[in-house]
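A.B. asks: Structure of the sequence below:
(one chain, ligands or ions: 2)
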Amino acid sequence: MIENKFPTKDISEDDIKTKFPLVAKKNDDHKSIFNIAGVEIGGSKLPIFAGPNMVESKQLISETAESIKKSGASFLRGGAFKPLTFPYRSKKYNETREEGIKWLGEVKKEFNIPIITEVMEEKYIDLVSSVADILQIGTRNMQNFPFLIECAKTKKPILLKRHFGCSLRDWLAAAEYIMYYGNEQVILCERGVSVPHTHRSTSRFLLDLQVIPAAKEITHLPIISDPSHATFWSPWVESMTLASIAAGADGIMLEVHPDPKNSAVDPLQPINFEEFENLTKKMDLVSRSINKRIF
Ligand code: PEP
Ligand code: MN
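C.D. replies: Ligands and ions are numbered 1, 2, ... in the order given. Predicted coordinates for the structure are as follows:
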């Protein structure tokens, strides 16, 4: 017999009661299902969040919105405000910021597709919230507690990406912050963790598939997977997407770009429209084998 119901070493049963009263499941069947802009998240129909890394131009997000919606995506993703690793900018490698948010708003109306986009600074929370159906908090802000509190206060649904160096405990603690400050609609997103280079069989990050069932032992919140950021390499996106669904993910975030090699950032990572369309069909097949579905 396993004595501790939650053998995850850094989260004890006592922790569950005292540190995660809001995030933790109240019973084994407790599972939150959110309805966001008419899309169910946490249920048996898995939503897809797709789009370019960066909102590069109106044209880019318009054609992407049209194509991904036709292929079955529920949300258009894309950053107008981007956490770029290096401070150097060029015409191509630059954020579109306020203008990008305006384009997202236009495309949302034109194609009737909900928007998920990242907010990085407190001073832009209102602007981003005016367009976003879901506020994305990126890996780099996951433990910026004053920022989490301000985002929570908007009452907008929040997608909380896992910091690439954080344990499940720290990640759930960040979700607990958001809930404690009055916002119940938190979606978790696994996007790959850093591993020492000596242990790196693959790329910069390692998709932590195991965290999906581990999180589900503890929390009622939906958890989605982002194989694009995790693999950093489009040829692996398909297998890691299907594996994420098999592992129990409640949705998938994918970088999709009409011309991946010309993506302004991370050009090795996005898949193109045709690859996306083909992948959604395989996602549906895998989903159906576990009584879920895409279509
Ligand atoms: C993104 O989704 O565009 C992004 C920057 O992700 P992350 O915060 O996971 O790096
Ligand atoms: Mn990105």
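A.B. asks: got the contact list for the residue of the stretch 151-295 of the chain found nearest ligand 1?
C.D. replies: Residue of the stretch 151-295 of the chain nearest ligand 1, by Cβ to the nearest ligand atom: residue 191 (3.8 Å). C-beta coordinates here come from the backbone N, C-alpha and C atoms, glycine included. For residue 191, the contacting residues are 139, 161, 162, 164, 205, 225, 226, 229, 230, 253, by Cβ atoms under 8 Å, 6 or more residues apart in numbering.
A.B. asks: how about 6 Å then?
C.D. replies: By Cβ atoms under 6 Å, 6 or more residues apart in numbering, the contact set of residue 191 is 161, 226, 229, 230.
A.B. asks: Residue numbers of the chain in contact with ligand 1?
C.D. replies: By Cβ under 6 Å from any ligand atom, the residues of the chain that approach ligand 1 are 53, 79, 83, 118, 138, 139, 161, 191, 229.
A.B. asks: tell me how far whichever strand or helix holds residue 68 is from the chain's mean position?
C.D. replies: Assigned by DSSP states H and E, residue 68 falls within helix 58-71. The chain centre lies 19 Å from the centre of helix 58-71; the measure is Cα atoms, centre = their mean, to the nearest Å.
A.B. asks: same deal with stretch 88-101?
C.D. replies: Chain-centre distance of stretch 88-101: 21 Å, with Cα atoms, centre = their mean.
A.B. asks: May I have the distance across it, first residue to last?
C.D. replies: 22 Å (Cα to Cα, to the nearest Å).
A.B. asks: Just to check, residue 221 is in contact with residue 183?
C.D. replies: No - taking contacts as Cβ atoms under 6 Å, residue 221 lies outside contact range of residue 183: 11.6 Å.
A.B. asks: Look at the two and report which has more neighbours.
C.D. replies: Legend: neighbour count by other Cβ atoms under 10 Å for residue 221 and residue 183, higher for residue 221 (27 against 21).
A.B. asks: Helix, strand, or coil at the more buried one?
C.D. replies: Under DSSP: H, G, I helix; E, B strand; the rest coil, residue 221 falls in the coil class.
A.B. asks: can you pull the contacts of it?
C.D. replies: 32, 186, 188.
A.B. asks: Could you dump these into TSV and include distance to residue 69?
C.D. replies: Converted to TSV, those look like this (distance: Cβ to Cβ, whole Å):
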residue	distance to residue 69
32	26
186	25
188	25
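A.B. asks: ok, of these, which come out buried?
C.D. replies: Using 16 or more other Cβ atoms under 10 Å as the burial test, the contacts of residue 221 include 32, 186, 188 as buried.
A.B. asks: Which of the residues you listed fall within helices?
C.D. replies: Counting by DSSP state H, no part of these is found in helices.
A.B. asks: Kindly state the pLDDT recorded for the one residue in the stretch 51-200 of the chain that gets nearest to ligand 1?
C.D. replies: Ligand 1 sits closest to residue 138 of the stretch 51-200 of the chain, with a gap of 3.0 Å, by Cβ to the nearest ligand atom. At residue 138, the model reports a pLDDT of 98.
A.B. asks: Ok, residue 69 next?
C.D. replies: pLDDT at residue 69 comes out at 98.
A.B. asks: neighbours around it, how many?
C.D. replies: Using other Cβ under 10 Å, the number of residues around residue 69 comes to 16.
A.B. asks: I'd assumed residue 114 was in contact with it.
C.D. replies: No - the pair residue 69 / residue 114 is not scored as a contact, 10.2 Å apart, by Cβ under 6 Å.
A.B. asks: Tell me where the model's unsure across the stretch 1-150 of the chain.
C.D. replies: 1-9 (pLDDT under 70).
A.B. asks: Walking through it, point out its helices one by one.
C.D. replies: Taking DSSP state H, counting those that start in this stretch to define them, one finds helices in the stretch 1-150 of the chain at 13-19, 58-71, 97-111, 125-129, 145-153.
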